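[1] below: sequence and its predicted model.
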Amino acid sequence: MRKQSVNTEYVTRSENCIQAITDLLCNAKSKMVTVEFTKSDGARRTINGMINTTAKGMTYNPFERGLIPVNENIIVRNEYGQCKTVLTQFRMINLCTVSRIAFNKKVYEFIN
């Protein structure tokens, strides 16, 4: 079995960096993403899901406002260890509270 390498980049939380990350998310080959962030009540949360680049039905572009629209996959394992997606839920994540984003074999760790 071949080991896959993952590139980790440490980035500061600046306006130019956030814009660069949103551009990367919009133009990503893979739409699967893992995002770790802090919720408004202070709890840490990790979401695995798909980037919703079209954001149909919205009157504004969420990427221009520093938000990531994600369809979160709710996964259940059966007794044989197989995973199945049973539900997807729409979420909006603020890039100002994100601490880690992983997609396309790259991990972006935000430092203050």
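    Received, thanks.
[2] what comes into contact with the lowest-mean-pLDDT helix or strand in the chain?
    None of the helices or strands of the chain scores lower by mean pLDDT, DSSP states H and E than helix 15-26, at a mean of 77. With contact meaning CB atoms under 8 Å, 6 or more residues apart in numbering, helix 15-26 is reached by 11, 33, 51, 53, 63, 66, 68, 95-96, 101, 103, 108. Bear in mind the C-beta positions are built from the backbone N, C-alpha and C, glycine included.
[3] what pairs with the next helix or strand after that helix, parallel or antiparallel?
    Downstream of helix 15-26, the first helix or strand assigned by DSSP states H and E is strand 32-38. Here strand 32-38 is paired, per DSSP bridges, with strand 44-51 (antiparallel), strand 98-103 (antiparallel).
[4] please check the contacts of helix 15-26 and keep the buried ones.
    Among the contacts of helix 15-26, those scoring as buried are 33, 51, 63, 66, 68, 95, 101, 103, 108 (criterion: 16 or more other CB atoms under 10 Å).
[5] returning to that earlier point: most packed of the strands paired with strand 32-38?
    Most buried of those, by mean neighbour count (mean count of other CB atoms under 10 Å): strand 98-103, with a mean of 18.
[6] dump that strand to PDB, restricted to CA.
    Only the C-alpha atoms of strand 98-103 are listed here, as PDB (Å, rounded to 0.1, in the frame of the first residue of the first chain):
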ATOM      1  CA  VAL A  98     -11.600  28.600  11.400                       C
ATOM      2  CA  SER A  99      -8.400  27.000  12.800                       C
ATOM      3  CA  ARG A 100      -7.800  24.200  10.200                       C
ATOM      4  CA  ILE A 101      -9.000  23.500   6.600                       C
ATOM      5  CA  ALA A 102      -8.000  20.200   4.800                       C
ATOM      6  CA  PHE A 103      -8.800  19.500   1.200                       C
END
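[7] check what pLDDT residue 6 gets.
    As predicted, residue 6 sits at a pLDDT of 78.
[8] how near is it to residue 88?
    Distance of residue 6 to residue 88, given as CB to CB, to the nearest Å: 25 Å.
[9] which one's more surrounded, the two?
    residue 88 (14 against 10; other CB atoms under 10 Å).
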